[in-house]
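**Q** Give me a 3D structure for the following:
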Amino acid sequence: MRPTDDTGTWGCGCTSSGCPVDHDAERPSRRAVANRVGVDSDVANTGAVTETGGEATIHVRCYPQAGPGPVGPFGWAPVHRHAAGAVRGALETLAEETESRTDLEAVNWRLEAGGPVALDMSEREGTLDGVTSAFHDILEDREVLTGSCCHLLLAWQPFNQQLGYGGTPSSHRRVGAGDALTVANIGATETWDNRLVTANMAIHEVVHTFLSRDSVESVVDSRCDHDLGSVREVEPGVREVSPMATAYAGAGTDGNDTQFSGTGCGDHENFYHHDGTDDVERWLHTHDLSEGTLEAASQYLAVALGNTDP
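**A** Numbers count the residues shown, from 1 in each chain. Next up, the predicted model:
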């Protein structure tokens, strides 16, 4: 199977330059990894977890919330495109790994750009539930809820302490049980951290929607998604943090990999791999998913794609 035709436009209105998809460099991955990126308002109902003849598609749609700085004609600023590009890389890897680790004949992936989202609430007052509820209403009005898609809001709310870096609400948590809604507050990561953290948190929130407590517990001694992450010592005093560990790598210690640490679960002893927080002089972030994350997500997607109860 070849990749699908990517000659359509991205949110920047281009067909190549500035787009998260490098059209000239597209190649088939392993047996059957395909993608499609577009900004059409009518989304084909292929679904995020669908199965047809042993083939499956992982489907994610990204939506920008306007922030300061230059914005393209479709409401996509460079930071939005960068975050979506990081998600693109994670989806490609996840599709390849799910295909190689399960009995599915082919696992495809599809990343789409949705239109910009304007939330009618105070930037400083929106809780995660409030933001995702308003986001859900917008998606309903646009008639893009397919029942099996992950919808990622790239929020710009740098001073919203209640929202923090974002999150995935329990009411719309998992793809396969309906559409999943998740929020990455890239306004916060861009303001208080850096572009690497922005990309990792976008990946982080999407991957939450492809995990279950059972799939997590089968890999680590925990039912917490964050414990699937890895923190590796790449040289003395330097730790490299994978997406699911971002904001939790040093939480509870004097230093952390982000300006603000995660407040949810994240016992370092339960992490898939953690080289400790002693004498850390510098934190790095890799967009590569840890082996633990890939294993747990593959297990969950195999169940969801097989139309069984996750």
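**Q** Going by C-alpha atoms from here, please, whenever you check contacts or count neighbours.
**A** OK.
**Q** what's the neighbour count on the closest residue to residue 165 other than its chain neighbours?
**A** Nearest residue to residue 165, sequence neighbours excluded (C-alpha to C-alpha, 6 or more residues apart in numbering): residue 185, at 4.8 Å. Number of residues near residue 185 (other C-alpha atoms under 10 Å) recorded here: 25.
**Q** Tell me if I'm right that residue 185 and residue 156 touch.
**A** Yes. Shown here, residue 185 and residue 156 form a contact pair, counting by C-alpha atoms under 8 Å, at 5.8 Å.
**Q** still on that earlier bit, what's across from the residue nearest to residue 165 in the sheet?
**A** residue 155 (DSSP bridges).
**Q** Also residue 233?
**A** With DSSP bridges as the rule, residue 233 is bridged to residue 239.
**Q** i'd like the first residue to be 243 from this point on
**A** Yep, numbering from 243; the last one is residue 475 now.
**Q** Contact partners for it?
**A** Taking C-alpha atoms under 8 Å, 6 or more residues apart in numbering, we find residue 475 in contact with 481-482, 517.
**Q** ok, so what distance separates it from residue 309?
**A** 35 Å (C-alpha to C-alpha, to the nearest Å).
**Q** again with residue 338
**A** Separation of residue 338 from residue 309 (C-alpha to C-alpha): 34 Å.
**Q** Would you mind telling me which of those two has more residues around it?
**A** The neighbour count for residue 338 versus residue 309, taken as other C-alpha under 10 Å, is higher for residue 338 (23 against 18).
**Q** which element is that one on?
**A** Assessed by DSSP states H and E, residue 338 sits inside helix 320-343.
**Q** do the same with residue 393
**A** strand 392-397.
**Q** Touching that strand from outside, list them.
**A** Here strand 392-397 has contacts from 290, 301-308, 322, 377, 417, 421-429, 444, 447-448, 451, using C-alpha under 8 Å, 6+ apart.
**Q** Could you list the residues in contact with whichever helix or strand comes after that strand?
**A** The first helix or strand that comes after strand 392-397 along the chain, using DSSP H and E, is strand 408-409. Identification of contacts with strand 408-409 by C-alpha under 8 Å, 6+ apart yields 370, 424-427, 447.
**Q** how many neighbours does residue 385 have?
**A** Quick note: residue 385 (other C-alpha under 10 Å) scores 12 neighbours.
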